[in-house]
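Visitor: Provided below are the primary sequence and the corresponding predicted coordinates.
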Amino acid sequence: MSRLPIIAIAGLACENSTFTPSRTRAAAFRPKRGEEIIRHYDFLQTDTALGRAAIWKGALIGYALPGGIVERASFEELAGEIISRLTDICQSLDEPLDGFWFDIHGALYVDGFEDAEFELLRRIRTVIGHTTIVSASMDLHGNVSHELAHETDLITCYRTAPHVDVRETKERACRNLIQVLDTHNRGGSLPLKAWIPIPILLPGEQTSTRDEPAKRIYAAVSEVEKRKRILDAAIWVGYAWADEPRNRAAVVVTGSERDAVAIGAEELAQIFWTSREDFKFVAPTGSFSECLNIALASTDRPYFISDSGDNPTAGGSGDVTWGLTQLLARPEFKDSSGPTVIYASIPGPAAVEAAAKAGIGATLTVTAGAEVDNLHAGPITMTGRVHSIKHGDPHACVEVVLQVGSVFVIVTKLRKPYHKERDFAELNLNPRSADIVIVKIGYLEPELYDMAKDWMLALTPGGVDQDLKRLGHHRIQRPMFPFDTVFNTEPDLRARFIPSSRDPLDAHDK
């Protein structure tokens, strides 16, 4: 090809729990459009190898904080704009679009569309055609259906959890796309794709790559990728908090030689399957009360507790008051001289407004929480002193810290995850000097993990309950581990070769 290839970019990303009563709307995706997308990725700048290797055209990308099901009208609004923008891009070209980067998560659940990523890409294909080569980048907590694997030509995902390789994965997806475009335009064939679904569905808190067996399983991914004739290898854990048939673990390996691709895919599927009994939680677990008792008895400070059932970064509504209600009822924390506790966080727009109006140092009574998810506990009323106020946070909008006894409760206008030390420092809180820090999260993100002297995972209720059987899945394909522990026959872990999107998809082997 004498000219540079032209590659368009689009995608919508979110994890959507079907067990969370909240709904996700278009504004939550905070869309980026056109050149704003190109500026967003440093590896696409004109002073980089990838930036110089193609002409990149942004359509629309959007990333929403995980939550409840995406409203159909919101999906149609964003998908419609993607189609419109891609149509404009294609109509401006003298030749068909060469490539397309599908920038997604993989756990999008839209009202009326269970396999939402496939539905979006199906619509995109009606604009860009089936000769355009598509490369998708995903979260390992996404889902790869037979149909999605067919519509993509290349597909890859993160190899770490917590996800410290997000940028690396997206760059790899683009680099693979450039490589395949170059090969294809010199007369080479498209890569072969081997897909293997694995009947395992586990929460991320049992599959962190910090720990075994996920650590060795994901180490094997890069070893398979290094082999001759292999372009990419990937394992998806799947998304545990949506109840849909596509949700399960999966392996996809792409490459140029059939036997090499099949062997690599089957090795990865087999190591995942045979390790199923070895997956454990990333930390000691207990009820919320048990975790508090152990934290109080420990001399390790700060002691972290994950209030995991309402984790907003996994799809929880963020406003379940179960944990906070129990915390504030404890006699140990009634007086300001008690053990210092930071609780992050609970949404309460009216409470935030009242506290911000009263100002730092004021004492007032406010009610917060359970406006969206009141299935487990009702709103909580607290009397405390306003410790700090912050305006302008991109997620929370406004944050207030209310000191109730010895507990510093972060109250937000909109829900927000607390992952970094600066999230606390900007609120005049020092988690390193606290006795106990309670965060609505699953596994601790890197900064918190490094800060914690010890920690536990509280098995609390909510839309992302770690006790999957308690949630009541009824539409996932069965048998499925750990919902089923006895399999009458071993699962079929042979490689299924998915045809190119240019060829019809056979309905078998789903």
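Guide: Received, thanks. Numbering: from 1, shown residues only.

Visitor: ok, and what's touching the host helix or strand of residue 254?
Guide: Element membership for residue 254 (DSSP states H and E) is strand 249-255. Defining contact as Cβ atoms under 8 Å, 6 or more residues apart in numbering, one finds that strand 249-255 is touched by 143-144, 149, 154-156, 176, 191-202, 224, 229-238, 261, 264-265, 268-269, 272, 495. For the C-beta atoms, the positions are set from N, CA and C on the backbone; glycine is no exception.

Visitor: mind doing that once more with 6 Å?
Guide: For strand 249-255, contacts defined as Cβ atoms under 6 Å, 6 or more residues apart in numbering pick out 144, 154-155, 191, 193-198, 200, 229-238, 261, 264-265, 268-269.

Visitor: how far is it from where the chain is centred?
Guide: Counting by Cα atoms, centre = their mean, to the nearest Å, strand 249-255 is centred 19 Å from the centre of its parent chain.

Visitor: next helix or strand past it?
Guide: Counting by DSSP H and E, what follows strand 249-255 is helix 258-274.

Visitor: quick one: buried residues of that following helix?
Guide: 260-269, 271-273 (16 or more other Cβ atoms under 10 Å).

Visitor: quick one: average pLDDT of it?
Guide: For helix 258-274, mean pLDDT is 98.

Visitor: could you name the helices and strands sitting against it?
Guide: strand 192-198, helix 214-225, strand 230-236, strand 249-255 (3 or more Cβ pairs under 6 Å, 6 or more residues apart in numbering; DSSP states H and E).

Visitor: so it versus strand 230-236, what angle?
Guide: With axes from the mean of the first three to the mean of the last three Cα atoms, to 10 degrees applied, the angle from helix 258-274 to strand 230-236 works out at 20 degrees.

Visitor: most packed of the helices and strands packed on helix 258-274?
Guide: strand 249-255 (a mean of 28; mean count of other Cβ atoms under 10 Å).

Visitor: what about residue 284, how many neighbours?
Guide: Using other Cβ atoms under 10 Å, residue 284 is surrounded by 12 other residues.

Visitor: what residues are up against it?
Guide: With Cβ under 6 Å, 6+ apart, residue 284 has these contacts: residue 456.

Visitor: mind checking how far it is from residue 487?
Guide: To residue 487, residue 284 is 29 Å away according to Cβ to Cβ, to the nearest Å.

Visitor: now the helices for the stretch 1-150 of the chain?
Guide: Ranges of helices within the stretch 1-150 of the chain are 35-40, 49-53, 72-91, 116-128, 146-151, based on DSSP state H, counting those that start in this stretch.

Visitor: so which of those is nearest residue 457?
Guide: helix 116-128 (29.4 Å; Cβ to Cβ).

Visitor: any idea of the mean pLDDT for the closest one?
Guide: 98.

Visitor: against which helices or strands is that helix packed?
Guide: Using 3+ Cβ pairs under 6 Å, 6+ apart, helix 116-128 is in contact with helix 72-91, helix 146-151.

Visitor: in the last one, what's buried?
Guide: Going back to what we said before, that points to helix 146-151. 146-151.

Visitor: and for the first one?
Guide: Taking 16+ other Cβ under 10 Å as the basis for neighbour counts, the residues of helix 72-91 that come out buried are 74-75, 78-79, 81-83, 85-86, 89-90.

Visitor: turn those residues into a markdown table, columns for distance to residue 3 and pLDDT.
Guide: Putting these into a markdown table (distance: Cβ to Cβ, whole Å; pLDDT from 0 to 100) gives the following:
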| residue | distance to residue 3 | pLDDT |
| --- | --- | --- |
| 74 | 38 | 98 |
| 75 | 35 | 98 |
| 78 | 31 | 98 |
| 79 | 30 | 98 |
| 81 | 28 | 98 |
| 82 | 25 | 98 |
| 83 | 26 | 98 |
| 85 | 22 | 98 |
| 86 | 20 | 98 |
| 89 | 16 | 98 |
| 90 | 16 | 97 |
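
Visitor: now render these as TSV, adding distance to residue 297.
Guide: Formatted as TSV, those follow (distance: Cβ to Cβ, whole Å):
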residue	distance to residue 297
74	47
75	49
78	50
79	53
81	55
82	54
83	58
85	58
86	59
89	61
90	64
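
Visitor: where exactly do the helices run in the stretch 401-510 of the chain?
Guide: Along the stretch 401-510 of the chain, the stretches classed as helices by DSSP H, counting those that start in this stretch are 421-425, 446-451, 468-471.

Visitor: just the C-alphas of the shortest one, formatted as PDB.
Guide: Extracted in PDB, the C-alpha atoms of helix 468-471 (Å, rounded to 0.1, in the frame of the first residue of the first chain):
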ATOM      1  CA  LEU A 468     -23.000 -15.200  43.300                       C
ATOM      2  CA  LYS A 469     -25.400 -18.000  44.300                       C
ATOM      3  CA  ARG A 470     -27.200 -15.500  46.600                       C
ATOM      4  CA  LEU A 471     -28.000 -13.200  43.600                       C
END
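
Visitor: neighbouring contacts of it?
Guide: 19, 240, 465.

Visitor: cool, and the longest one?
Guide: Among residues not part of helix 446-451, those counted as contacts by Cβ under 6 Å, 6+ apart are 162, 420-421.

Visitor: check contacts around the spatially closest residue to residue 254 that is not a sequence neighbour.
Guide: Leaving aside its sequence neighbours, residue 254 sits nearest to residue 191 (Cβ to Cβ, 6 or more residues apart in numbering; 4.2 Å). Counting by Cβ under 6 Å, 6+ apart, residue 191 touches 231, 254-255.

Visitor: how does it look with 10 Å?
Guide: Shown in contact with residue 191 (Cβ atoms under 10 Å, 6 or more residues apart in numbering): 133, 153-154, 176, 179-180, 183-184, 229-232, 253-257, 261, 500.

Visitor: separation between it and residue 225?
Guide: 12 Å.

Visitor: kindly report the same for residue 120.
Guide: 27 Å.

Visitor: so if we follow the domain assignment, how does this structure break up?
Guide: 6-280+493-498, 285-465 (automatic domain parsing).

Visitor: could those go into JSON lines alongside distance to residue 481?
Guide: Putting the domains of the chain into JSON lines (distance: least, Cβ to Cβ, whole Å) gives the following:
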{"stretch": "domain 6-280+493-498", "distance to residue 481": "5"}
{"stretch": "domain 285-465", "distance to residue 481": "18"}
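
Visitor: who's in contact with residue 330?
Guide: 289, 292-293, 296, 338-339, 341, 405, 407.

Visitor: my guess is residue 96 contacts residue 89, does it?
Guide: No - with contact defined as Cβ atoms under 10 Å, residue 96 does not reach residue 89; the gap is 11.2 Å.

Visitor: check the contact lists of these two and give me the overlap.
Guide: Common neighbours of residue 96 and residue 89 (Cβ under 10 Å, 6+ apart) are 6, 128.

Visitor: much appreciated, bye for now.
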